[in-house]
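Participant: fold the following, please.
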Amino acid sequence: MDGAADVLIRRILRRRFPSHDFLTEESPPTNNRSDFKWIIDPLDGTTNYAHHYPQVGVSIGLEHGGRIVLGGVYDPFRMNFSGPKKERGVLRQGKRQRRLSISATPRLSGALLLTGFPYDRRERADLYLSYLKAFMMRIQGFAAPGGCVGFLLVACGRVDVIGSGV
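Facilitator: Next comes the predicted model:
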C-alpha cells in the first residue's frame, strides 16, 4: 500500500509540477536540479494501516531553495490538516484555524508522551527500552498513536512530547 500511495501522490504532483524533484520514503530521489523538492511519506503508520487501526497519515512538504515553504499531514480517518504557508495559519477539515501552538505544560512530570517503536526494534530493543524507562520515570503518561498524526497532536498542543521511535 505504501508503494501504491507513493506512485499516486507523485503522479498527481508531477502532472502539475513536472520539473520538481521528489524525495519520498518509497522511491529513489529524483534529481531534476529543481529549486523545488516535494518531501513525501505516503503512508506513515503502515503497521497501523495493516491492522485497521485508524492512526495513519500522509505527510507532504515542499522545499524551495533549501527552505520548507509548505507542509501538510492528512489523517484520512479523522481530520485533514494543511499548512498552505507558515504565515497563513492552518486548515483543518477545510476550514481556516487559528495558528497552531504547542502545549503549555510547564514540566516534563506533567507531560503526555506519544511514542512508538521503529522497524529495527528487535535488533535495538535494549536501547529503545532504556529511553522508554528514562522517560517513564519523568513523565505523567504514555500514548502510542503511531505515524505523523502524532506530530500534529503536539503541534496543536493536545500532547506534550512525541518520541518518534522513542
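Participant: D6 against P28, yeah?
Facilitator: No: applying C-beta atoms under 8 Å as the test, D6 and P28 come out as separate, 11.0 Å apart. C-beta coordinates here come from the backbone N, C-alpha and C atoms, glycine included.
Participant: avg pLDDT for stretch 2-20?
Facilitator: Averaging pLDDT along stretch 2-20 gives 96.
Participant: more neighbours, D6 and P28?
Facilitator: D6 (19 against 8; other C-beta atoms under 10 Å).
Participant: list the contacts of the residue nearest to the more buried one when sequence neighbours are not counted.
Facilitator: Nearest residue to D6, sequence neighbours excluded (C-beta to C-beta, 6 or more residues apart in numbering): E26, at 3.8 Å. Counting by C-beta atoms under 8 Å, 6 or more residues apart in numbering, E26 makes contact with D2, G3, A5, D6, P42.
Participant: where's E26 relative to D120, distance?
Facilitator: For E26, the distance to D120 equals 18 Å [C-beta to C-beta, to the nearest Å].
Participant: what does G57 give?
Facilitator: For G57 relative to D120 (C-beta to C-beta), the value is 21 Å.
Participant: now swap in M137 and tell me
Facilitator: On the measure of C-beta to C-beta, M137 and D120 end up 24 Å apart.
Participant: out of the two, which sits in the busier spot?
Facilitator: D120 (11 against 8).
Participant: for that one, helix, strand, or coil?
Facilitator: Under DSSP: H, G, I helix; E, B strand; the rest coil, the three-state class of D120 is coil.
Participant: what sits against it?
Facilitator: Neighbours of D120 in contact, by C-beta under 8 Å, 6+ apart: none.
Participant: tell me how many other residues crowd the nearest residue in space to D160 that is not next to it in sequence.
Facilitator: Once flanking residues are discounted, D160 sits nearest to A111: 3.7 Å by C-beta to C-beta, 6+ apart. A count of nearby residues for A111, using other C-beta under 10 Å, gives 18.
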